[in-house]
Structure formats: structure tokens, C-alpha cells
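Peer 1: This is a predicted model, with the sequence first.
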Amino acid sequence: MNDSSGFTCPNTEVFATASILSYVDETFLQGTSTDLAAALLFFFIVGALCPLAIWLITQRYPDSWLNYVNFPLMFTGIGLIPPASAVNYVPWAIIGFLFQYVIRRRHFPFWAKYNYVLSAALDAGTAISTILVYFILQYPQNGQIGMNTIQSWWGNTVFTKTADWNGVPLRSVAEGDHFGAFIGLSTHFGGKPESRVHIV
């Protein structure tokens, strides 16, 4: 966020946060009855079995709608959610539903002729507009164009007043309390085992 070039690496930040949480979990919770990290390993099995289950079902019912279900694609998309948000996914879902379901069913000749062209046009338009915005607004005067006009407009600054931007939690943990399962943590410090679970 404070980089001089204005670039951020949200995936790297999420990975760093996950690594820290994993370290805390492995350091304090391993060997207890609340082994959070070990439970996550079962999702590797789920990820391997889901495509196999779909393949077996479609062998028995070849004309099933399950032919259109792609678990690796779904899991990959869900895996990008920590830095991505609804702003990324909702427009994709709306455009995808309109063009891949509604228009394809109701106006198939139009869809067959223009669907690929629309996809290429949206991708090219995004790339070209990004280059234009950079060279017209960001590069000249080191990004100071419109500093007191368009850049200070409410719609361009409202995101700086959100809890995400300011790093403020929506709820705080009371002094001396903890978040989540806390079974066995105190035993690492010579205390008595605890079995309380607090949901904040």
C-alpha cells in the first residue's frame, strides 16, 4: 500500500498472512485435540474425489447436466477469493449467465457469431483502457493530474474510509480473551488445559 510505484501484491499478502497463521497453529496447537491444520488436509482428498465422482456419474448418465460441472475450475476460482472480492466475481457471474445461458438459449445464431468476438473485445478493451488511463492520468505529473478535482471526488476516495482500507477489525477480542478454539494452548506455558471455545 505504501509502495512508491503504487503496486500492491494482494496474493503475496494473503499467502504471508496464511503462513503466519499456520506457524501459530503449528507452534501452539499441534498435538492437541484442536488440530486445525490437520483438518485442512482432508480437503486434498475432497479435491481429488469430486472430479472422480462427477466422471463416474456421467458415465452412467451421459446426458446429465453434470457434464458442465468442472470442480478444478470451481476450486481454483474459490481459491482466489481472499484477495478478490464480490467486485471481481459478481460482474463475471452476470456477464457469464447472460451470454452463456440466456443469449445462447434464446438467440443461438447471434451467440455463435458474436460470443468469441465479445470476449476478445472485452479483454482488449480492458487492456487498452488500462494503458490509456496510465499514460493519460497516472504517468504525467507523477499522478497529480486532477488532484483537487476528480481525484478528491467522493466516489474516488470513499474506499479509504472503509474498515478494510484502515485495517480495523469489525469486532475486537476483549483483554485476556481469545478468538476461536483454545483447547490445550495454555498447557504449552505450564498452565491447566482449557476446553473453552469462544466465538467472537
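Peer 2: Looks like it came in fine.
Peer 1: Which secondary structure state does the most centrally placed residue in the chain sit in?
Peer 2: The chain has Ile81 as the residue nearest its centroid, 1.0 Å off, counting by C-alpha atoms, centre = their mean. Under DSSP: H, G, I helix; E, B strand; the rest coil, Ile81 falls in the coil class.
Peer 1: which sections of the protein are below the confidence cut-off?
Peer 2: For the chain, applying pLDDT under 70 flags the ranges 1-8, 21-38, 179-200.
Peer 1: Can you check which helix is longest in it?
Peer 2: helix 108-133 (DSSP state H).
Peer 1: May I have the helix or strand that that helix is followed by exported as CSV, CA atoms only?
Peer 2: Downstream of helix 108-133, the next assigned helix or strand under DSSP states H and E is helix 154-157. Provided in CSV are the C-alpha atoms of helix 154-157 (Å, rounded to 0.1, in the frame of the first residue of the first chain):
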residue,chain,number,x,y,z
TRP,A,154,-16.2,11.3,-3.1
GLY,A,155,-16.5,8.3,-5.4
ASN,A,156,-12.7,8.1,-5.8
THR,A,157,-12.0,8.5,-2.0
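Peer 1: Contacts for helix 154-157 next, please.
Peer 2: Ile150, Gln151 (C-beta atoms under 8 Å, 6 or more residues apart in numbering). For the C-beta atoms, the positions are set from N, CA and C on the backbone; glycine is no exception.
Peer 1: from the chain's centre, how far out does that helix sit?
Peer 2: Taking the mean of its C-alpha atoms, helix 154-157 sits 24 Å from the chain's own mean (C-alpha atoms, centre = their mean, to the nearest Å).
Peer 1: cool, stretch 133-141 as well?
Peer 2: With C-alpha atoms, centre = their mean, you get 29 Å for stretch 133-141.
Peer 1: Can you list the residue ranges for strands in the protein?
Peer 2: Secondary structure of the chain by DSSP state E: the strands cover 180-181, 197-198.
Peer 1: What residues of stretch 164-174 count as buried?
Peer 2: In terms of neighbour count (16 or more other C-beta atoms under 10 Å), stretch 164-174 has no buried residues at all.
Peer 1: Over to stretch 67-77?
Peer 2: Quick answer for stretch 67-77 (16+ other C-beta under 10 Å): Phe71.
Peer 1: could I have it exported to PDB, CA atoms only?
Peer 2: What follows is stretch 67-77, C-alpha atoms only, in PDB (Å, rounded to 0.1, in the frame of the first residue of the first chain):
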ATOM      1  CA  ASN A  67     -21.200 -32.700 -17.800                       C
ATOM      2  CA  TYR A  68     -21.000 -28.900 -17.300                       C
ATOM      3  CA  VAL A  69     -19.600 -29.100 -13.800                       C
ATOM      4  CA  ASN A  70     -15.900 -28.500 -13.500                       C
ATOM      5  CA  PHE A  71     -14.600 -28.900  -9.900                       C
ATOM      6  CA  PRO A  72     -11.000 -28.000 -10.600                       C
ATOM      7  CA  LEU A  73     -12.100 -24.700 -12.200                       C
ATOM      8  CA  MET A  74     -14.600 -24.000  -9.400                       C
ATOM      9  CA  PHE A  75     -12.000 -24.700  -6.600                       C
ATOM     10  CA  THR A  76      -9.400 -22.600  -8.400                       C
ATOM     11  CA  GLY A  77     -11.800 -19.700  -8.600                       C
END
